[in-house]
Structures are given as structure tokens and as C-alpha cells.
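[1] Below: sequence and its predicted model.
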Amino acid sequence: MKIPIEEIPDEGIEVRFSREEELLTEPLALIPPPPGTDVDPHVTGYVRITNTGQDIFLTGSAVARMTLTCSRCLAGFHTETNLDLALVIRRRQGEDDATDDEFESQEADVFYVDGDELDPGEVVLQELFLEHPINPLCSEDCPGLCPQCGRLRGSEECTCDEEAPTDPRWKALAELKDRLGK
């Protein structure tokens, strides 16, 4: 869904999206998700877009679903992210000064677009990726994988001794620890 910037009326427009639409399909083709992440292209929410002539203001909210890979146990899990959108959108004037504008601007809420069209899906997707956790966890108390057998720690399949050193190179240090009684 692309909106021609010049056709945005002075009073602005409101765009609503529902689960029936695949708002993120085109943006996902251009901006791939981080490894271990699968983004559902169906998003619910709305955006209000106002064009002042120099800047474009985009406000709204969206709810997006993703499947992430836990950084401890490597299991896939589903999550839902609520986005509150409040951005200033600016057009890039040329390739040479595009990067200068980004580095000179100290505003974190500025989104740059190329061309004469605005894709709300691209804005939502980039904001979703900014909310993406660096180390996603399926739960805060996820035990992770056992370093000895590779199965989930504490599960029925993992019968490894928690106290046993996992690497024989640490054997001398373990013996020293035992001798010191700590």
C-alpha cells in the first residue's frame, strides 16, 4: 500500500489496516527480517498521516505478530508487539546528502523516504524491527540447552550431571577447586 505524498490533503488522512490485508508483504521483500525471525504480514492498527509541506507527520498504533527463536533453547515461540507510532517523515533530496541528513539529525523519530510515495507498511516494519529484542527469550526462566548433551536443561531427556565439567581442559581447575574446598 503506497500513498502518493502530494495527494495527502491538508487535513491529513487516516489509514486503517486489518488482519485481512497483508500490509507487510512488500516491505518484507525489501527488508528481510533478522535471522531466526518470521514476521506475520497481517497487521492490525491505523496511521494518521499529515503533510505540512516540509515534513510529514505519522501517528498511530499497530499490533504485529512474529515468531522468534529463543536465544537460550533455540525453540520457536510466538509473540505479539504493540507499536505506538509518532514519527516525522522526510524526503531525501539526493543520494549525496541522504547520509549527511541522517547523521546530522539528532532526532530518533525521523524516518526518511525516497521518492514521492510513502508506504505505511515499511514504516511499521522498520519500527517493529527496532522493537525486536537482541536476545529473544521464550520465557525469562528458560534454562537453555545443556552444554553436555545439547538437550533442554532439566528435561527428561537431559540426565547430565550439572556438577561435571563439560570440557576436559577444565579438569585441572576443578581439581584445584576441590583441594581448596570451595
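    That came through, no problem.
[2] quick one, longest helix in this protein?
    helix 120-131 (DSSP state H).
[3] Who are the packing partners of it?
    helix 25-30, strand 44-51, strand 56-69, strand 76-91 (3 or more Cβ pairs under 8 Å, 6 or more residues apart in numbering; DSSP states H and E). No exception for glycine: its C-beta is placed from N, CA and C like everyone else's.
[4] and the second one, which strands flank it?
    The pairing partners recorded for strand 44-51 under DSSP bridges are strand 13-17 (antiparallel), strand 56-69 (antiparallel).
[5] Would you pull up how far it lies from the middle of the chain?
    Averaging C-alpha positions (Cα atoms, centre = their mean, to the nearest Å) puts strand 44-51 20 Å from its chain's average.
[6] Quickly list what Phe57 is bridged to.
    Going by DSSP bridges, Phe57 forms beta bridges with Thr50, Val88.
[7] Based on its surroundings, how many neighbours for it?
    14 (other Cβ atoms under 10 Å).
[8] show me the contacts for it.
    Neighbour list for Phe57: 12, 49-50, 87-89 [criterion: Cβ atoms under 8 Å, 6 or more residues apart in numbering].
[9] now it: how far from Glu162?
    Distance, Phe57 to Glu162, by Cβ to Cβ, to the nearest Å: 55 Å.
[10] for the contacts of Phe57, which one is nearest Phe77?
    Leu87 (28.8 Å; Cβ to Cβ).
[11] okay, now the residue nearest to Leu128 when sequence neighbours are not counted: neighbour count?
    Counting by Cβ to Cβ, 6 or more residues apart in numbering, Ala64 is the residue found nearest to Leu128 once chain neighbours are left out, at 5.1 Å. For Ala64, the count of nearby residues is 23 (other Cβ under 10 Å).
[12] Surely Ala64 is in contact with Gln126?
    No - taking contacts as Cβ atoms under 8 Å, Ala64 lies outside contact range of Gln126: 11.6 Å.
[13] which regions of this structure sit below the pLDDT cut-off?
    The chain contains residues with pLDDT under 70 at 93-108, 163-166, 182.
[14] at 90 instead, please
    By pLDDT under 90, the weakly predicted segments of the chain are 1-15, 17-37, 47, 49-59, 85-127, 129-134, 146-182.
[15] which strands and helices sit next to the helix or strand hosting Lys171?
    Element membership of Lys171, judged by DSSP states H and E, is helix 171-180. Helix 171-180 sits against no helix or strand, with contacts defined as 3+ Cβ pairs under 8 Å, 6+ apart.
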